[in-house]
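Asker: Quick one, structure for this:
(one chain, ligands or ions: 1)
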Amino acid sequence: MRLSRYFLPVLKENPAEAQIVSHRLMLRAGMIKQQAAGIYSWLPMGYKVLKRIEQIVHEEQIRAGHIPLLMPTLQPADLWRESGRYDDYGQEMLRIKDRHDRDMLYGPTNEEMITDIFRAHVESYKSLPLTLYHIQWKFRDEIRPRFGVMRGREFLMKDGYNFDLTREDALHAYNRHMVSYLRTYERMGLTAIPMRAASGPIGGDNTHEFLVLADTGESEVFYDAQVPALKLGDRAVDFDNRDEVAAICEEFTTLYARTDETHDEAVFNQIPEERRCVGRGIEVGQIFYFGTKYSEAMGATVTTPDGKRVPVEMGSHGIGVSRLLGAIIEASHDDKGIIWPEGVTPFHCGIVNLKQGDAGTDAAGDGLYKALTAAGLDPLYDDREERAGAKFATMDLIGLPWRITVGPRGLGNGVVELTSRRTGESEEMSPEAAVARIVEIYAPHR
Ligand code: 5CA
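Answerer: A predicted model of the protein is given here:
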């Protein structure tokens, strides 16, 4: 994309309404625009990052054997009357009437609807195990929407639902989600720690939240200092292998890590004092096992191998897709702006032309742009008639991890400059070598 033709409405001033750095930077970098409390338009660059995050979520869900579908945002109230949650959900649920005076709602989650789909189409244990998921907008009429996309009213969630014959099978699905989430967050450059949590309105007795450590997080967290160092890395995981998946979950959940809801001071105090950490975290996902809570209420049953009919075992699993943009920025920024991890960056690399209008630099900038594009990458070429300082400030603000700077002086020596946004370090090299380096950097991310 050529910046001269793009729509990147950056703000010079700090927006007064933003209390935390991620909200401030998303507004300043022209990624979102508020339309009502907790409701945002996703401007082109924000939308691009949202799509990159969605793509990673899809890839990791599919890797774990889960199947995508798409359910609507609007739901009939009657489904929720069946589960008993229509009255329980309270004022967080946005209730709507259609022209026939029928009660509808904007879905805050989809346990009821997915159970309805299941009972309409599945009869036998032979169709199990089954995990269906979607990435769809949700609405929760939060009492205090704040921090931009972090606590919105309308927000994008990946929600998945497993259907299994036995409790053991459902617990394997739970573990499978835990492991696939670990890789999902790691690909986004995040350390998200699974912490034992409380289940709230979803229900069930087994649940973990995934928390990204950040001072601006809404949850208080207590953990062993060794936990954040745990990494899944590029281990190949066989998601059908129960023991292997369970062993990984054990590795990640044995050391102490809990939210304030489940914190136990006595157990915490058994950790050596120098390893006891108290901090704050952003909840970027949660997994639940709730057994037959919805299937019993809604009559979702399957036949067993010996011909009985039993309610199907279930769990649900959510990732806060739009919240993740805020969480990633909270975890990765400096005083100049955002620093995108390679896995989610809106553009792979920026190209700054220091002397727009000069035949030599224009040709070199165009050449780099074409070469990167031809290599399947997505560069952002700052070809505006602007001062160098303004161009650098924009690049630093929007946070592309790599920048190639093209100027007449370097070109005189046959070189351009490749700069890392994270370290600020620059290296001179030929334009061809710079392209080759960017291609190499992104190879693991494609
Ligand atoms: N049905 C279950 C799992 S699919 C469920 O709704 N879980 S949840 O309530 O924990 O939501 C899943 C994730 O959505 C949360 O971990 C959080 O990251 C995100 N989320 C929840 N509320 C909001 C909100 N108001 N704004 C942005 N993200 C949110």
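Asker: List, one by one, the residues from the protein near the ligand.
Answerer: Contact residues (CB under 6 Å from any ligand atom) of the chain with the ligand: 109, 111, 140, 142, 151-152, 155, 157, 159, 202, 283-286, 288, 316-318, 320, 322-323. In this view, the C-beta of every residue, glycine as well, is placed from N, C-alpha and C.
Asker: Buried ones among the residues you listed?
Answerer: Neighbour counting with 16 or more other CB atoms under 10 Å marks 109, 111, 140, 151-152, 155, 157, 159, 202, 283-286, 288, 316-318, 320, 322-323 as buried within the residues of the chain next to the ligand.
Asker: Narrow those residues to those in helices?
Answerer: Those of those mapping onto helices are 111, 322-323, per DSSP state H.
Asker: Nearest to the ligand within the stretch 301-446 of the chain, name that residue for me.
Answerer: Residue of the stretch 301-446 of the chain nearest the ligand, by CB to the nearest ligand atom: Gly320 (2.2 Å).
Asker: show me what contacts that residue?
Answerer: 155-157, 283-285, 327 (CB atoms under 8 Å, 6 or more residues apart in numbering).
Asker: What is the strand or helix carrying Ala247 packed up against?
Answerer: Ala247 is part of helix 242-253 when elements are defined by DSSP states H and E. Counting contacts by 3 or more CB pairs under 8 Å, 6 or more residues apart in numbering; DSSP states H and E, helix 242-253 is packed against helix 167-187, strand 192-196.
Asker: Burial check on Arg437, number of neighbours?
Answerer: 16 (other CB atoms under 10 Å).
Asker: How about it: what's its closest non-neighbour residue?
Answerer: Leu418 (6.2 Å; CB to CB, 6 or more residues apart in numbering).
Asker: and what of Arg280?
Answerer: In space, and not counting its chain neighbours, Arg280 is closest to Gly217: 3.8 Å by CB to CB, 6+ apart.
Asker: circling back to that earlier point, which parts of the strand or helix carrying the residue nearest to Arg437 are buried?
Answerer: In the assignment (DSSP H and E), Leu418 maps to strand 416-420. Within strand 416-420, the residues scored as buried using 16+ other CB under 10 Å are 416-419.
Asker: This protein - how does it break down into domains?
Answerer: 3-337, 347-445 (automatic domain parsing).
Asker: Put together JSON lines for those domains, with mean pLDDT on each row.
Answerer: Output for these, formatted as JSON lines (pLDDT from 0 to 100):
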{"stretch": "domain 3-337", "mean pLDDT": "96"}
{"stretch": "domain 347-445", "mean pLDDT": "97"}
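Asker: Run through the helices of the protein in chain order.
Answerer: All helices of the chain, identified by DSSP H, fall at 21-28, 44-63, 77-83, 85-88, 111-121, 167-187, 242-253, 265-268, 293-298, 321-331, 359-374, 388-398, 408-412, 431-442.
Asker: Redo the ones you listed as JSON lines? Include distance to Cys349.
Answerer: Compiled in JSON lines, those are given as follows (distance: least, CB to CB, whole Å):
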{"stretch": "helix 21-28", "distance to Cys349": "19"}
{"stretch": "helix 44-63", "distance to Cys349": "14"}
{"stretch": "helix 77-83", "distance to Cys349": "47"}
{"stretch": "helix 85-88", "distance to Cys349": "47"}
{"stretch": "helix 111-121", "distance to Cys349": "41"}
{"stretch": "helix 167-187", "distance to Cys349": "19"}
{"stretch": "helix 242-253", "distance to Cys349": "34"}
{"stretch": "helix 265-268", "distance to Cys349": "45"}
{"stretch": "helix 293-298", "distance to Cys349": "47"}
{"stretch": "helix 321-331", "distance to Cys349": "18"}
{"stretch": "helix 359-374", "distance to Cys349": "7"}
{"stretch": "helix 388-398", "distance to Cys349": "10"}
{"stretch": "helix 408-412", "distance to Cys349": "17"}
{"stretch": "helix 431-442", "distance to Cys349": "5"}
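Asker: And for the nearest residue to Glu111 once chain neighbours are set aside, the neighbour number?
Answerer: Spatial nearest neighbour of Glu111, chain neighbours left out: Tyr294 (5.1 Å); criterion: CB to CB, 6+ apart. Using other CB under 10 Å, the number of residues around Tyr294 comes to 28.
Asker: contacting residues around Tyr294?
Answerer: Tyr294 neighbours (CB under 8 Å, 6+ apart): 83, 111-112, 115, 300, 314.
Asker: Nearest to the ligand, out of the residues you listed: which one, please.
Answerer: For those, the nearest to the ligand is Glu111 (5.9 Å; CB to the nearest ligand atom).
Asker: okay, the angle between the lengthiest strand in the chain and helix 167-187?
Answerer: Longest strand in the chain by number of residues, with DSSP state E as the criterion: strand 276-291. Strand 276-291 and helix 167-187 meet at an angle of 140 degrees, taking axes from the mean of the first three to the mean of the last three CA atoms, to 10 degrees as the criterion.
Asker: now strand 276-291 against strand 192-196, angle please.
Answerer: With the same axes, to 10 degrees defining the directions, strand 276-291 sits at 70 degrees from strand 192-196.
Asker: same for strand 276-291, what does it pack against?
Answerer: helix 167-187, strand 192-196, strand 206-213, strand 219-224, strand 313-320, helix 321-331.
Asker: buried stuff in the helix holding Ala247?
Answerer: For helix 242-253, the buried set under the neighbour-count rule, 16+ other CB under 10 Å, comprises 245-246, 248-249, 252-253.
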